[in-house]
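[1] predicted structure and sequence below. I'll ask about it afterward.
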Amino acid sequence: MTLQWAAVATFLYAEIGLILIFCLPFIPPQRWQKIFSFNVWGKIATFWNKAFLTIIILLIVLFLDAVREVRKYSSVHTIEKSSTSRPDAYEHTQMKLFRSQRNLYISGFSLFFWLVLRRLVTLITQLAKELSN
């Protein structure tokens, strides 16, 4: 796995961990609101929207690159052309197809969970404000 895909996979694992922590039922929304209202978060909040959009754009580009790779290696013409030149070319093409599909799933789920994570934080904050009123 290349460095960029290892970084995206690590990002995906971190997102899954954060979502699981946010969904723990024994931590009340008021406690999350206290954590979100620290001074550190106030300083980061000015850059949060820019960072969020930058990460979204980066994940979309990686997702589209993975889609392009899957289409490239899954075409019948590519498989037939490579199988006539070398005896092990079919397995090599299938290996590249597997890697490109893996990258597609990693980038797709990472993009999806990034959107879910933002929405989850928004909902927890709104719920804490409603419960305090």
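    Right, received. Where do you want to start?
[2] name the helix or strand for Arg26, please.
    No, residue 26 isn't Arg; it's Phe. Element membership for Phe26, per DSSP states H and E: none, as it lies in no helix or strand.
[3] for Leu12, see how far away it is.
    25 Å (CB to CB, to the nearest Å). C-beta: built from backbone N, CA, C; applies to glycine.
[4] so between the two, which is more surrounded?
    Between Phe26 and Leu12, counted using other CB atoms under 10 Å, the more crowded position is Leu12 (21 against 5).
[5] hmm, the more buried one is touching Ile106, no?
    Yes: when contacts are counted by CB atoms under 8 Å, Leu12 is listed as touching Ile106 (5.9 Å).
[6] mutual contacts of the two, please.
    The contact sets of Leu12 and Ile106 do not overlap (CB atoms under 8 Å, 6 or more residues apart in numbering).
[7] helix/strand/coil for the spatially most central residue of the chain?
    Residue closest to the average C-alpha location in the chain (CA atoms, centre = their mean): Ser110, at 1.1 Å. Following DSSP: H, G, I helix; E, B strand; the rest coil, we place Ser110 in the helix state.
[8] what about the nearest residue to it once chain neighbours are set aside, distance to Pro29?
    The shortest distance from Ser110 to any non-neighbouring residue, by CB to CB, 6 or more residues apart in numbering, is to Leu12 (4.2 Å). Using CB to CB, Leu12 is found at 25 Å from Pro29.
[9] all strands for this protein, in order.
    Under the criterion DSSP state E, the chain carries no strands.
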